[in-house]
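K.L.:
sequence-free structure coming up:
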């Protein structure tokens, strides 16, 4: 019942800080040099799909991939997720590092950022990971499909589907040059379309248009 153009979408803006040092997962967790590090962040809740990520991780490890997974966050599902990790035999590959005050050092230190959510609004964590040039694997849900073009500046997978997520992780993990290409394109997209300047410019345009329409009535 709204007239066309009544709803205006103005995306959040993000300007990557210049003084963030990457967290060294390999040194801090005694990982092998050839380990591939996947990092996720979010509440340990059903919505975030970390149970699906554990299943995808189990398949990757069973297939012989040298993958390691880290999740920053707390929540009601933590005990259940830890039990699932133990049941899958992933105690040395899947780590819960709890709440962290500053997430970007962990994003920068990882090889791939993963968002396996069942639904989202606009996933700021993905936007920020893209903004610092990180290759992202995300479920094709609201928000992430507006941020990512599959195979161009990130990788999209089907939500709630461990096999689809596994294939996405494999695409990201198998080719360093491809990861770097996606990360570079992601950084440029955020700089161009999702910066704080772009947000303010869009907000100003919206307000000017609203005032103009009011004066014409």
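P.N.:
Nice, I can see it. None of the values given here were measured: they were computed from a predicted structure.

K.L.:
residues in contact with the residue nearest the centre of the chain?
P.N.:
When C-alpha atoms, centre = their mean is applied to the chain, the residue found nearest the centroid is residue 126 (3.5 Å). Residue 126 makes contact with 113, 115, 136, 138, 143, 144, 147, 148, 154 under the criterion C-beta atoms under 8 Å, 6 or more residues apart in numbering. In short, each C-beta sits where N, CA and C put it, glycine included.

K.L.:
Double-check the fifth one against residue 121; I have them as touching.
P.N.:
Looking back up the chat, that one is residue 143. Yes: Residue 143 lies in contact with residue 121 (C-beta atoms under 8 Å); the separation is 5.6 Å.

K.L.:
more crowded one of the two?
P.N.:
residue 143 (19 against 9; other C-beta atoms under 10 Å).

K.L.:
So what's the gap between the one helix or strand the residue nearest to the centre of the chain maps to and the chain middle?
P.N.:
Using DSSP states H and E, residue 126 sits within helix 124-131. Its chain's C-alpha centre and that of helix 124-131 lie 6 Å apart, by C-alpha atoms, centre = their mean, to the nearest Å.

K.L.:
Contacts for the lengthiest helix in the chain next, please.
P.N.:
For the chain, the helix with the greatest residue count under DSSP state H is helix 196-216. Under the contact criterion C-beta under 8 Å, 6+ apart, helix 196-216 has outside partners 8, 10, 11, 12, 13, 14, 15, 192.

K.L.:
For these, give me JSON lines that also has neighbour count, distance to residue 108 and pLDDT.
P.N.:
Listed next are those as JSON lines, based on neighbours: other C-beta atoms under 10 Å; distance: C-beta to C-beta, whole Å; pLDDT from 0 to 100:
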{"residue": "8", "neighbour count": "12", "distance to residue 108": "33", "pLDDT": "71"}
{"residue": "10", "neighbour count": "14", "distance to residue 108": "27", "pLDDT": "62"}
{"residue": "11", "neighbour count": "18", "distance to residue 108": "22", "pLDDT": "70"}
{"residue": "12", "neighbour count": "12", "distance to residue 108": "20", "pLDDT": "76"}
{"residue": "13", "neighbour count": "19", "distance to residue 108": "20", "pLDDT": "73"}
{"residue": "14", "neighbour count": "19", "distance to residue 108": "14", "pLDDT": "73"}
{"residue": "15", "neighbour count": "13", "distance to residue 108": "15", "pLDDT": "78"}
{"residue": "192", "neighbour count": "10", "distance to residue 108": "21", "pLDDT": "89"}
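
K.L.:
Of the residues you listed, which belong to helices?
P.N.:
Short answer: the contacts of helix 196-216 in helices (DSSP H) are residue 192.

K.L.:
and of the contacts of helix 196-216, the nearest to residue 69?
P.N.:
residue 14 (24.7 Å; C-beta to C-beta).

K.L.:
For stretch 46-64, which outside residues touch it?
P.N.:
Counting by C-beta under 8 Å, 6+ apart, 38, 40, 42, 44, 67, 69, 71, 73, 75, 77, 80-81, 84-85, 88-90, 93-94, 114, 116-119, 139, 159-163, 165-166, 169-170, 173 sit against stretch 46-64.
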